[in-house]
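Student: Generate a structure from the sequence data that follows.
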Amino acid sequence: MKVLILGGKKFLGIALVEALLKAGDTPVLFNRGRTNPDLFPKVTNLIGDRDGDLEALKRRKWDVVIDTSGFVPRIVKQSAQMLSGKCETYVFISSVAVYQDYRMPDIAENYPLAQLDDPANEDYSGDAFGPLKALCEYEIQQAFDGPVLVIRPGMIVGPHDPSDRFTYWPWRVSLGGQVLAPSPPSANLQFIDVRDLAEFIINRIKAKSEGVYNVTGPRKPATFGSLLVACRESALSDANFIWVDESFLLNQGVLPWSDLPLWVPSTDPAYAGFYNININKALKDGLNFRPLSQTVSDTLEWFRTKPGPKTLKAGMDIATETELLLKYQKEVSTRNTRSSYLDQE
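Tutor: Next up is the predicted model:
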């Protein structure tokens, strides 16, 4: 199978290329040649720009195209039009961010999609990310003459993750000591190992599937507590988790998702379904998951062996964490003293 990947040199693209090569297929990459230019030297890499320079894609054909780098509808439309007739199937990597909200649990593929407030907005770095992805799906379905497979992943994790959101926890826990964690430890989490996602995509391509799939996991809900325990066991760490009340964290101005990656306050009804995406369709069609311990240990090993300083794009620094823990422990101590005094009264 000859597969064109739009992108292919970072995160999911890397996992897709590795899985295709392992399966004996032939990946061909199209990108600007700026990201990891020395990666996959034996794989054909066509140089161009999705926004107006698609010359390298002319006079070529593939069995399928996997679009890992489509964010702007106008630009995605150009690729879909160019590749119509040159590929049998168009696979678009979308996101569960396309849904209009997360207020309801058990969000399935037919849940209403987000709408873009400003049709001229092409800034996918913020709130417009989801609506733009939804419009990209629409443009492909309109412009591509052939089957379209739309993959909507939840949070993607594992080796080569450029966001460091998941990586923060294995790395921080590996350092040991008192680790600030957002209470409660029973809070659900959903995420998908990038390699499991890549394998599912290839599985669906070979099954000639089309339509839409939510793809996240695991099969049984993970919890914050189970994640951190897996991190501690994988790192052979002496980490001691201090589960801090959500109200304290919010009062201290701690930002969910960025200061404490993966944390979504349970008190916010707008995100009641954020970690409750329905994946029954993908499970029925063969979505599999490697053990959480493997995802954690492989992510930690990858981060440890990365060249350069060990800096993270997400999470709080140790000094801030220590200061917050001291404040919290003082508050708890004061609260307990007051409660003891009242009991004696």
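
Student: How about residue 189: what's its closest non-neighbour residue?
Tutor: residue 222 (4.6 Å; CB to CB, 6 or more residues apart in numbering). In short, each C-beta sits where N, CA and C put it, glycine included.

Student: nope, residue 183 is what I meant
Tutor: Per CB to CB, 6+ apart, closest to residue 183 is residue 243, 4.1 Å.

Student: Neighbouring strands - and their directions - for the helix or strand that the one you found is a member of?
Tutor: Element membership for residue 243 (DSSP states H and E) is strand 240-244. Paired strands of strand 240-244, with direction, are strand 178-182 (parallel) (DSSP bridges).

Student: picking that back up, which residues touch the residue nearest to residue 189?
Tutor: 188-191, 292 (CB atoms under 8 Å, 6 or more residues apart in numbering).

Student: Show me just the buried residues among the residues you listed.
Tutor: 189-191, 292 (16 or more other CB atoms under 10 Å).

Student: Looking at the residues you listed, which one is closest to residue 109?
Tutor: residue 190 (15.2 Å; CB to CB).

Student: hang on, isn't the closest one packed against residue 275?
Tutor: Yes: Residue 190 lies in contact with residue 275 (CB atoms under 8 Å); the separation is 4.6 Å.

Student: Tell me the spacing between the residue nearest to residue 189 and residue 143.
Tutor: Separation of residue 222 from residue 143 (CB to CB, to the nearest Å): 38 Å.

Student: Taking the buried ones among the contacts of residue 222 together, which two end up most distant?
Tutor: Applying CB to CB across those, the maximum distance is between 190 and 292, 12.0 Å.

Student: Need the overlap of contacts for these two.
Tutor: Contact with both residue 190 and residue 292 is made by residues 218, 222, according to CB under 8 Å, 6+ apart.

Student: In CSV, could you pull the C-alpha coordinates for the helix or strand containing residue 152?
Tutor: Using DSSP H and E, the element containing residue 152 is strand 148-153. In CSV, the C-alpha atoms belonging to strand 148-153 read as follows (Å, rounded to 0.1, in the frame of the first residue of the first chain):
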residue,chain,number,x,y,z
VAL,A,148,-13.4,10.1,3.4
LEU,A,149,-12.3,8.7,6.8
VAL,A,150,-12.4,11.2,9.6
ILE,A,151,-10.5,10.3,12.8
ARG,A,152,-11.4,12.4,15.9
PRO,A,153,-8.8,11.7,18.6
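
Student: Just the mean pLDDT for that strand, thanks.
Tutor: For strand 148-153, mean pLDDT rounds to 98.

Student: do stretch 13-20 as well
Tutor: Confidence for stretch 13-20, expressed as mean pLDDT, is 98.

Student: Could you report the pLDDT at the residue lying closest to residue 122 once chain neighbours are set aside?
Tutor: The spatially closest residue to residue 122, leaving aside those adjacent along the chain, is residue 72, at 4.9 Å (CB to CB, 6+ apart). pLDDT, residue 72: 98.

Student: With residue 311 instead?
Tutor: Here the pLDDT value assigned to residue 311 is 89.

Student: so who does it touch?
Tutor: Counted by CB under 8 Å, 6+ apart, residue 311 has zero contacts.

Student: Buried residues, the helix ranked longest in the chain. List them.
Tutor: Ordering each helix of the chain by length in residues (DSSP state H) puts helix 318-344 first. For helix 318-344, a neighbour-count test (16+ other CB under 10 Å) marks 321, 324-325, 328 as buried.

Student: Likewise for stretch 1-12?
Tutor: 3-12.

Student: I'd like these as a markdown table, with secondary structure and distance to residue 121 appended.
Tutor: Formatted as a markdown table, those follow (DSSP: H, G, I helix; E, B strand; the rest coil; distance: CB to CB, whole Å):
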| residue | secondary structure | distance to residue 121 |
| --- | --- | --- |
| 3 | strand | 32 |
| 4 | strand | 29 |
| 5 | strand | 27 |
| 6 | strand | 22 |
| 7 | coil | 22 |
| 8 | coil | 27 |
| 9 | coil | 27 |
| 10 | coil | 24 |
| 11 | coil | 25 |
| 12 | helix | 25 |
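
Student: farthest pair in these?
Tutor: Across these (CB to CB), the longest gap, 17.9 Å, separates 4 and 11.

Student: and the helix or strand of the chain with the lowest mean pLDDT, what other elements does it pack with?
Tutor: Using mean pLDDT, DSSP states H and E, the weakest-scoring helix or strand in the chain turns out to be helix 318-344, at a mean of 81. Applying 3 or more CB pairs under 8 Å, 6 or more residues apart in numbering; DSSP states H and E, one finds that helix 318-344 makes contact with strand 178-182, strand 240-244, helix 246-251.
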